[in-house]
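Participant: can you look at this prediction? I've put the sequence above it.
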Amino acid sequence: MDIIEKVVKRIEKTGLIKKNDRIVVGCSGGPDSIFLLEVLLRIREEYNLFLGLAHINHMFRGDEAERDENFVRSLGKKYNIPVFVRRKSMEELSREKKITLEEAGREIRYSFFDEVLDEINGNKVALAHNLDDQVETFLFRLIRGSSFEGLEGILDLREKFVRPINEIYKSEIMEYLDKNMIEYKIDSTNLKNDYTRNSIRLDLIPFLENNYNPKVKEKLFNFIKEIREINQILEIDYNKYIENNIIDINKLLFEYK
């Protein structure tokens with residue numbers, strides 16, 4: 001079983017994607033989004049999926065940004081998928097609204113996804129977060145300060161957003177793409193530790209792996225899953241299942257099995 005089949009099996013098990021879904025695919029042209037596209041192409045016919053590629057050019061990296069946009073447009077032609085592009089500067093929006101670049105980028109992305117959903121009459125947005133992203137997000141929030149809910153990492157499903165490759169390591173993605181000679185583009189800004197998240201990925205996690213535990217990502221992800229389980233328990237309204245000061249365990253287990 002190759003890594004694509006592993007994701008397909010997970011999709012079948014979780015029901016993240018269903019037959020006849022109309023999906024907006026966030027596609028930067030980087031390895032994660034290209035791998036996600038490969039997964040969706042694998043099941044497109046069987047699931048009768050309608051796909052639309054959504055690409056954002058933040059006009060931040062000059063020729064490199066133009067290269068990425070043109071690459072995504074070429075993918076649309078290659079696979080007969082409509083491509084939607086938004087050109088919007090994070091820096092300008094950040095200055096206008098006096099918000100961080102990260103907040104500006106998020107606002108641009110999610111408003112654009114909503115527009116494309118309306119355009120294709122879609123019902124889901126597929127995003128290419130992977131397991132490494134989950135660990136980085138956990139550490140980022142832990143360092144900055146977060147509630148238990150915030151430490152859940154990045155959920156597979158939240159409202160209309162689905163993340164089918166959320167439990168695949170970045171190394172697995174790169175190995176698959178390189179082995180199969182599948183083209184992707186690298187965002188050079190991801191190789192600089194100017195931002196906190198980049199520094200966590202480039203400096204902190206390798207430091208922890210080299211000096212403390214080579215499987216630190218695996219251990220942290222297991223901890224993230226335990227936090228999710230605890231949060232689910234804390235969210236239950238137990239009063240619904242109490243009669244005469246006794247909890248109806250059978251009813252509780254039936255609803256949360």
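Facilitator: Sure thing, it's come through.
Participant: at which residues are the helices of the stretch 151-257 of the chain located?
Facilitator: 170-179, 196-199, 205-211, 216-235, 249-255 (DSSP state H, counting those that start in this stretch).
Participant: mind putting those helices into a markdown table with distance to E159?
Facilitator: Where you see a C-beta, it was placed from the backbone N, CA and C, and this is true even at glycine. Shown next, in a markdown table, are these (distance: least, Cβ to Cβ, whole Å):
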| stretch | distance to E159 |
| --- | --- |
| helix 170-179 | 25 |
| helix 196-199 | 23 |
| helix 205-211 | 29 |
| helix 216-235 | 16 |
| helix 249-255 | 21 |
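Participant: now the weakest link among those helices, please, by mean pLDDT.
Facilitator: The minimum mean pLDDT among the helices of the stretch 151-257 of the chain belongs to helix 249-255 (a mean of 56).
Participant: for D187, grab phi and psi.
Facilitator: phi -80, psi 110 (degrees, to the nearest 10).
Participant: mind checking pLDDT for the closest residue to it other than its chain neighbours?
Facilitator: In space, and not counting its chain neighbours, D187 is closest to G30: 5.8 Å by Cβ to Cβ, 6 or more residues apart in numbering. For G30, the pLDDT comes out at 94.
Participant: check the one 3 residues further on too.
Facilitator: You'll see S33 listed with a pLDDT of 96.
Participant: give me the number of neighbouring residues for the nearest residue to T14 once chain neighbours are set aside.
Facilitator: Of all residues not flanking T14 in the chain, D156 sits nearest, at 6.5 Å (Cβ to Cβ, 6+ apart). Neighbourhood size, D156 [other Cβ atoms under 10 Å]: 17.
Participant: over to I230?
Facilitator: Using other Cβ under 10 Å: I230 sits among 13 other residues.
Participant: one step back: next up, phi/psi of the residue nearest to T14, please.
Facilitator: According to degrees, to the nearest 10, D156 has phi -60, psi -40.
Participant: noted, bye for now.
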